[in-house]
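Participant: show me the folded form of this:
(one chain, ligands or ions: 1)
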Amino acid sequence: MTTSLSPETIAIVKASAPALQQHGLAITQRMYERLFVDPEIKALFDQAAQISGEQPKRLAAAILAYAKNIDNLGALSQAVERMAQRHVETHVKPEHYPAVAAALLPAIKDVLGDAVDQSVLDSWGEAYWILANILIEAEAAKYRAQAA
Ligand code: HEM
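Facilitator: The predicted structure is shown next:
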């Protein structure tokens, strides 16, 4: 698993985090519009909404907030545990992660437009996959424990 980002990438993500958080709701809404075009992905959330009765907006909020701890990932361990638990309950699998990346990054561009350039999007793409891989590993351990 890749756990390192270059200092440049970390600096770009941290510098852009306030703008992303300021427009977090718009980015989140746009991300879900893009994500829910895929019926299989939408079904994961429909099922989840019935269980929790709550909109899954925390997903994008967590990705955005994560930027704050990008150079201190240990601080996220409790949040990672909770996300992984919820993902296992809702049957999220590694193969779903590219769809979220493919929805989130263009959503950032859709909302922020010229305020973000390709280097910002690339840096967020790298950062997304660091967090995604941490979650995928935590979830794999839980699926293995369930199966045993
Ligand atoms: C780096 C990527 C991701 C992050 C940071 C993330 C974050 C989160 C967070 C914070 C929650 C709420 C947990 C809670 O109840 O406290 C959540 C729930 C959920 N996530 Fe993720 N997630 C990611 C990837 C994915 C992917 C790839 C999928 C599937 C397409 C997914 C589907 C869900 C579902 C279905 C829920 C439950 C929603 C509900 O309770 O109604 N997530 N995620």
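Participant: which stretches of this protein form strands?
Facilitator: In order along the chain, the chain carries no strands (DSSP state E).
Participant: close to the ligand: what parts of it are there?
Facilitator: Taking C-beta under 6 Å from any ligand atom, the part of the chain that reaches the ligand is made up of 41, 44-45, 48-49, 52, 54, 56, 58-59, 62-63, 82-83, 86-87, 90, 92, 96-97, 99-100, 128, 131-132, 135. In this view, the C-beta of every residue, glycine as well, is placed from N, C-alpha and C.
Participant: those in helices, which ones?
Facilitator: Within the residues of the chain next to the ligand, residues falling in helices by DSSP state H are 41, 44-45, 48-49, 52, 58-59, 62-63, 82-83, 86-87, 97, 99-100, 128, 131-132, 135.
Participant: buried only: go through these for me.
Facilitator: Buried members of those, counted by 16 or more other C-beta atoms under 10 Å: 41, 44-45, 48, 59, 62-63, 83, 86-87, 97, 99-100, 128, 131-132, 135.
Participant: am I right that residue 143 is in contact with residue 88?
Facilitator: Yes - look at residue 143 against residue 88 with C-beta atoms under 8 Å: they come within range, at 6.3 Å.
Participant: who's more crowded, those two?
Facilitator: Each of residue 143 and residue 88 has its neighbours counted (other C-beta atoms under 10 Å); residue 88 has more, 18 against 14.
Participant: okay, which residue is most central for this structure?
Facilitator: When C-alpha atoms, centre = their mean is applied to the chain, the residue found nearest the centroid is residue 63 (4.3 Å).
Participant: what packs against the worst-scoring helix or strand of the chain on mean pLDDT?
Facilitator: When the helices and strands of the chain are compared on mean pLDDT, DSSP states H and E, helix 58-66 comes out lowest with a mean of 77. If you count contacts as 3 or more C-beta pairs under 8 Å, 6 or more residues apart in numbering; DSSP states H and E, helix 58-66 packs onto helix 7-22, helix 24-35, helix 97-112, helix 118-147.
Participant: how about the shortest one: buried residues?
Facilitator: Under the neighbour-count criterion of 16+ other C-beta under 10 Å, helix 24-35 has 24, 27, 28, 30, 31, 32, 34, 35 buried.
Participant: next up, the contacts around the second one.
Facilitator: In other words, residue 27. When contacts are counted by C-beta atoms under 8 Å, 6 or more residues apart in numbering, residue 27 touches 20, 60, 64, 104, 107, 108, 111, 112.
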